[in-house]
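**Q** Need coordinates for the below:
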Amino acid sequence: MWESRADRGMAKIHIVGAGPGSPDYVIPAARKVVQKAAVVIGAERALNLFSEDIKGEKIVLTARNFQEVLDKAIKLAENGLEVTFISTGDPCFSGLLKTFSRLLGEEADINVIPGISSVQVCAAKLKISWDEAAIISLHEGVNEHKKRELAQAGLAGKPLIILPDLKTFPPREIARFLMGEGIAGESLAYICENLTLDDERIIQVPLKAVESLDHKSLCVMVVKPLKRDEV
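**A** Numbers count the residues shown, from 1 in each chain. Next comes the predicted model:
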């Protein structure tokens with residue numbers, strides 16, 4: 001059964017990582033927090049990963065109802081109930097923590113349980129030491145600062161691990177941009193789709209070939225850049 005403040009002391013809002021998509025990649029600590037929650041909130045795909053763990057009320061979170069659900073969650077937590085949000089991947093990388101910190105302030109009483117991100121899985125699949133890579137999220141859109149960051153890291157020869165925004169800056173546009181900035185079209189590029197799922201696919205092509213590819217919504221792009229004068 002879920003617990004209240006009376007059972008455990010001051011109630012909090014919890015954010016747990018759901019991992020990259022497969023239930024095999026959900027960590028036990030996340031399941032334990034969900035099992036104890038009075039209310040569990042998340043996107044439908046994320047909630048499905050915890051279908052056997054949810055004991056309390058379940059609320060599907062969408063872009064349209066986010067503020068309404070957040071207001072409700074805060075009131076429930078203030079009334080002593082354990083409230084848990086499920087964040088796809090890891091909450092601390094392109095996840096819900098950034099959104100909560102922006103809306104509630106960095107001092108908000110939030111307990112974060114990390115998850116395995118698609119970036120970690122991608123690096124493992126391609127055998128990349130990701131502490132040596134430039135990891136760039138474009139999930140919130142692209143601006144000139146992000147583009148400069150991307151170009152500078154590529155020209156410095158760092159492996160690029162990119163979370164694309166398929167609407168505003170998809171892999172084909174990223175490839176075109178990088179080549180325009182001096183990265184050779186012969187550089188190796190990888191499109192990693194639906195990682196850990198049954199239809200997982202990893203495509204390896206020269207960067208110049210990415211322009212002709214279509215991509216799934218769940219994808220990570222990797223580029224191992226060569227400068228044009230190195231080809």
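
**Q** Look at S118 and say how many residues are nearby.
**A** 25 (other Cβ atoms under 10 Å). All C-beta spots, glycine's among them, are computed from the backbone N, C-alpha and C.

**Q** Phi, psi for it please.
**A** Here is the backbone geometry of S118 (degrees, to the nearest 10): phi -60, psi -30.

**Q** how about the nearest residue to it, chain neighbours excluded?
**A** Closest residue to S118 apart from its sequence neighbours, by Cβ to Cβ, 6 or more residues apart in numbering: P20 at 4.4 Å.

**Q** Run through the residues that contact that neighbour.
**A** Going by Cβ atoms under 8 Å, 6 or more residues apart in numbering, P20 touches G89, I116, S117, S118, Q120, V121, L195, T196.

**Q** Would you map the helices across the protein?
**A** Along the chain, the segments classed as helices by DSSP state H run 5-8, 28-35, 44-49, 66-78, 96-104, 118-126, 144-155, 171-180.

**Q** Just put those in TSV and tack on mean pLDDT.
**A** Formatted as TSV, the helices of the chain follow (pLDDT from 0 to 100):
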stretch	mean pLDDT
helix 5-8	41
helix 28-35	97
helix 44-49	96
helix 66-78	91
helix 96-104	86
helix 118-126	97
helix 144-155	94
helix 171-180	96
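
**Q** could those helices go into TSV alongside distance to S212?
**A** Shown next, in TSV, are the helices of the chain (distance: least, Cβ to Cβ, whole Å):
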stretch	distance to S212
helix 5-8	55
helix 28-35	39
helix 44-49	29
helix 66-78	36
helix 96-104	33
helix 118-126	21
helix 144-155	20
helix 171-180	8
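
**Q** closest to I161 out of those?
**A** Counting by Cβ to Cβ, I161 lies closest to helix 118-126 out of these; the figure is 5.6 Å.

**Q** distance between the closest one and the chain's centre?
**A** What separates the centre of helix 118-126 from the centre of its chain is 12 Å, taken as Cα atoms, centre = their mean, to the nearest Å.

**Q** hmm, who's touching it?
**A** By Cβ under 8 Å, 6+ apart, helix 118-126 touches 20-21, 25, 89-90, 93, 128-130, 133, 135, 161, 163, 190, 192, 195-196, 202, 218, 220, 222.
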